[in-house]
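S.K.: Here you go, sequence then predicted model.
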Amino acid sequence: VRPEAVEIVEKKVPDVTYDDVGGLKQEIEKVREMIELPLRHPEIFDRLGIDPPRGVLLHGAPGTGKTLLAKAVANESGSNFVAINGPEVMSKYVGEAEKKIRDLFKEAEENAPTVIFIDEIDAIAPKREEVTGEVERRVVAQILALMDGLKERGKVIVIGATNRPDALDQALRRPGRFDREIELRVPDRDGRSEILQIHTRGMPLEDDVDMEEIADITHGFVGADLAALSRESAMNALRRILPELDLEEQTIPQKVLEKLFVTNNDFMD
Ligand code: ATP
């Protein structure tokens, strides 16, 4: 086991699709145009004589689906996905953060098309006034240099995610860097309903489940909250029939499994 290889760098084609992302229709449209199109067809940008975007900033409250959307666009454009987490790279690899990031970019170019995802990028690149150490300054400078130096035009795109776009170093947002932004809003009622549909699509729902009612009363819930709510409801259903289950048995009989339904009340508890 080489923990340093698995802990901060996730490299694969994720199996998330746009269908797994709820309530973000307009955002998905933007992502397709700004990220998927150049990854799939850099020749269009060549023809137009313009540079495809190198960096796109996703911002929005925690749990609104920034990571999910980044994975979806990587998958839907047939790209690899490499991810690092800002705070982790800064804390665990003191003195090594620059090397980690350099390696990541190198790997991304070698495996292009690639989406590089930097979660909580504000931890790496806070505003200069907020910058406490020399390390951050060097790491920011390095990310910028690496982005400027991306050879595979359009084939490597860096997605930065943050809850605090105002706390970001302005140098990151100049042309040729993170010069596009997409805001992920907190879902409205219809968005919540869509997200609930996604997270309950594999569940045995009782006929009395009223998703619209649940969407009505979950004002302020983001995607991550709705995912948790759905999971909790399924667990409530399980707890209800737990006394009837004989857990010592090799396998639970189909007959008993078929009694498992998630009811409207399970969502309300
Ligand atoms: P953070 O800022 O905390 O990193 P994030 O914006 O990156 O959060 P995600 O990690 O993408 O949020 O979301 C966490 C989980 O919540 C997802 O794996 C998914 O299950 C669910 N989720 C969040 N947003 C959505 C959405 N729009 N549609 C469907 N599921 C969602």
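M.R.: Received, thanks.

S.K.: And for the closest residue to the ligand within the chain, nearest residue in space, chain neighbours not counted?
M.R.: Nearest residue of the chain to the ligand: Gly223, at 2.0 Å (C-beta to the nearest ligand atom). Every C-beta, even on glycine, is put in place using the N, C-alpha and C of the backbone. The spatial neighbour of Gly223 that comes closest, neighbours along the chain excluded (C-beta to C-beta, 6 or more residues apart in numbering), is Gly65 at 4.7 Å.

S.K.: residues contacting that neighbour?
M.R.: Listed by C-beta atoms under 8 Å, 6 or more residues apart in numbering, the contact partners of Gly65 are 21-22, 24, 184, 222-224.

S.K.: what's the neighbour count on the residue of the chain closest to the ligand?
M.R.: Burial of Gly223 is recorded as 29 neighbouring residues (other C-beta atoms under 10 Å).

S.K.: Hmm, Ala61 and it touching each other?
M.R.: No: using C-beta atoms under 8 Å as the test, Gly223 is too far from Ala61 to be in contact (9.8 Å).

S.K.: Okay, helices next: where are they in the stretch 51-200 of the chain?
M.R.: In chain order, the stretch 51-200 of the chain shows helices spanning 66-76, 86-92, 97-110, 134-148, 189-200, with DSSP state H, counting those that start in this stretch as the criterion.

S.K.: hmm, back to that, got a list of what the residue of the chain closest to the ligand touches?
M.R.: With C-beta under 8 Å, 6+ apart as the criterion, the residues that contact Gly223 are 22-23, 63-65, 68, 187, 195.

S.K.: Most neighbours among the contacts of Gly65, which one is it?
M.R.: Tallying neighbours with other C-beta under 10 Å puts Gly223 at the head of the contacts of Gly65, with 29 neighbours.

S.K.: ok, that one to Leu68 distance?
M.R.: Computed with C-beta to C-beta, to the nearest Å, the distance linking Gly223 and Leu68 is 7 Å.

S.K.: didn't Pro87 look like it was pressed against Glu120?
M.R.: Yes: the pair formed by Pro87 and Glu120 meets the contact definition of C-beta under 8 Å, at 5.6 Å.

S.K.: Which one of the two is surrounded by more residues?
M.R.: When Pro87 is set against Glu120 and neighbours are counted by other C-beta under 10 Å, the residue ahead is Glu120, at 20 against 12.

S.K.: Check the more buried one and give its pLDDT.
M.R.: Here the pLDDT value assigned to Glu120 is 93.

S.K.: now it, nearest residue through space, not along the chain?
M.R.: Distances taken as C-beta to C-beta, 6+ apart place Gly86 nearest to Glu120, at 3.9 Å, with adjacent residues excluded.

S.K.: How about the backbone phi and psi for Pro204?
M.R.: phi -80, psi 100 (degrees, to the nearest 10).

S.K.: Next up, the contacts around it.
M.R.: For Pro204, the set of contacting residues under the criterion of C-beta under 8 Å, 6+ apart consists of 260-262.

S.K.: Thanks a lot, catch you later.
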